[in-house]
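Output the structure for:
(chains A and B)
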Amino acid sequence: DGGITQSPKYLFRKEGQNVTLSCEQNLNHDAMYWYRQDPGQGLRLIYYSQIVNDFQKGDIAEGYSVSREKKESFPLTVTSAQKNPTAFYLCASRHRGSNTEAFFGQGTRLTVV
Amino acid sequence: AQSVTQLGSHVSVSEGALVLLRCNYSSSVPPYLFWYVQYPNQGLQLLLKYTTGATLVKGINGFEAEFKKSETSFHLTKPSAHMSDAAEYFCAVSKGNSGNTPLVFGKGTRLSVIA
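Residues are numbered from 1 along each chain as shown, chains lettered A, B, ... in the order given. You can find the predicted model right below:
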C-alpha cells in the first residue's frame, strides 16, 4: 500500500545530542513537509521541499536541518541548538498542485530526557 | 498571506447532537480549503476539501462543509455526533496559487462527545 512511513514512533534524546527522524514515502509525491505539533499550537511548519536537492525554511526552522537526496526520503535532524525539542513531529507529502491534499505519516514523539 | 482561524479550542456536544466546528480564512487569492481529523498520537487524515465548483462539500464519516466566500468561512458540520467523532480537527488553507507550497493550519478544535 502507498503511504508515508515515519520512524521511530517514540524517540528519547539526551540534552545536547542530535537526533534524526526518518520519513519515507512511496506515493511518488514531489513535495514533502515537516511540521511540529505542540498542545494548543496547531501544526507549525519546520522545513519543506518541493523537489529533490532543494528545500526551504518554514516558520520555525531554527535548530533543525533537513536533506532531500532522494524523492522518497526527507529526514529531519533535531540539533542540540533546538532549545525545546520535545514535541510531536509530523511528516507529510503532496502531489504537485496547490489544490491537492497533503498525506501524513503517523508521527514521531520526541522526548528530551 | 494565507491564514486560518478556528473559533473554539474545545467543543463539547452530546451524542446525537449537531456538530459545528468553525473555520475562517484569510487569503489574498481564491483559497483551497481542507479539513483534517487527528486521533490521539496519530497523523492527520483528510475529511474533505474545497477546491472549485460546488460550495457544499461532503466528506467521510458523514461530515460536510460549506464554503462561503462572503463570510470567508468554511465551517464543518455533522448532523448527529457519534462517540467515535471525538478527536481533534484542523482546518487548513493552501498557501499560494501554484506549485507545492505548504498548507497553513489553524490551531485545531478538540471535539468531545458526551454519552
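
Name the SS class of residue B:61, please.
Secondary structure state of residue B:61, per DSSP: H, G, I helix; E, B strand; the rest coil, is helix.

check contacts around residue A:65.
Counting by CB atoms under 8 Å, 6 or more residues apart in numbering or on different chains, residue A:65 touches A:76-77, A:79. Quick note: C-beta positions are derived from backbone N, CA and C, even for glycine.

Most neighbours among the residues you listed, which one?
residue A:76 (22 neighbours; other CB atoms under 10 Å in any protein chain shown).

need the strands for the chain, in chain order.
Using chain A. A:4-7, A:10-13, A:19-25, A:31-38, A:42-51, A:54-57, A:64-66, A:76-78, A:87-94, A:102-104, A:108-112 (DSSP state E).

not what I meant, chain B
Assigned by DSSP E, chain B shows strands spanning B:3-7, B:10-14, B:19-26, B:33-38, B:44-50, B:56-58, B:64-68, B:73-78, B:87-94, B:103-105, B:109-114.

Format these as a markdown table; extra columns: distance to residue A:21.
A markdown table is the format used below for the strands of chain B (distance: least, CB to CB, whole Å):
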| stretch | distance to residue A:21 |
| --- | --- |
| strand B:3-7 | 26 |
| strand B:10-14 | 29 |
| strand B:19-26 | 29 |
| strand B:33-38 | 18 |
| strand B:44-50 | 17 |
| strand B:56-58 | 33 |
| strand B:64-68 | 32 |
| strand B:73-78 | 30 |
| strand B:87-94 | 21 |
| strand B:103-105 | 19 |
| strand B:109-114 | 25 |
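
out of these, which comes closest to residue A:45?
strand B:103-105 (7.9 Å; CB to CB).

who does that closest one touch, helix- and strand-wise?
strand A:42-51, strand B:3-7, strand B:87-94 (3 or more CB pairs under 8 Å, 6 or more residues apart in numbering or on different chains; DSSP states H and E).

Which strands or helices does the last one pack on?
Same thing as strand B:87-94. Checked by 3+ CB pairs under 8 Å, 6+ apart, strand B:87-94 has strand B:3-7, strand B:19-26, strand B:33-38, strand B:73-78, strand B:103-105, strand B:109-114 packed alongside it.

Adjacent strands (with direction) for that strand?
According to DSSP bridges, strand B:87-94 forms sheet pairs with strand B:33-38 (antiparallel), strand B:103-105 (antiparallel), strand B:109-114 (antiparallel).

Please apply the same query to the longest one.
Partner strands for strand A:42-51, per DSSP bridges, with pairing direction: strand A:31-38 (antiparallel), strand A:54-57 (antiparallel).

Name the surrounding residues that touch it.
By CB under 8 Å, 6+ apart, strand A:42-51 touches A:30-38, A:55-61, A:64, A:66, A:68, A:74, A:76, A:89-90, B:44, B:90, B:99-102, B:104-108.

cool, the shortest one as well?
Strand B:3-7 is contacted from outside by B:21-27, B:89-93, B:104-109, using CB under 8 Å, 6+ apart.

Run a quick neighbour tally on residue A:44.
With other CB under 10 Å as criterion, residue A:44 counts 17.

actually residue A:54, not the one I wrote
By other CB under 10 Å, neighbour count at residue A:54 equals 9.

and it, what does it touch?
Residue A:54 touches residue A:68, counting by CB under 8 Å, 6+ apart.

who does it bridge with?
residue A:51.

any idea how far it lies from residue B:14?
50 Å (CB to CB, to the nearest Å).

JSON lines for the helices and strands packed on strand B:87-94, including mean pLDDT and mean neighbour count?
Putting the helices and strands packed on strand B:87-94 into JSON lines (pLDDT from 0 to 100; neighbours: other CB atoms under 10 Å in any protein chain shown) gives the following:
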{"stretch": "strand B:3-7", "mean pLDDT": "94", "mean neighbour count": "17"}
{"stretch": "strand B:19-26", "mean pLDDT": "96", "mean neighbour count": "18"}
{"stretch": "strand B:33-38", "mean pLDDT": "96", "mean neighbour count": "24"}
{"stretch": "strand B:73-78", "mean pLDDT": "97", "mean neighbour count": "21"}
{"stretch": "strand B:103-105", "mean pLDDT": "91", "mean neighbour count": "25"}
{"stretch": "strand B:109-114", "mean pLDDT": "98", "mean neighbour count": "17"}
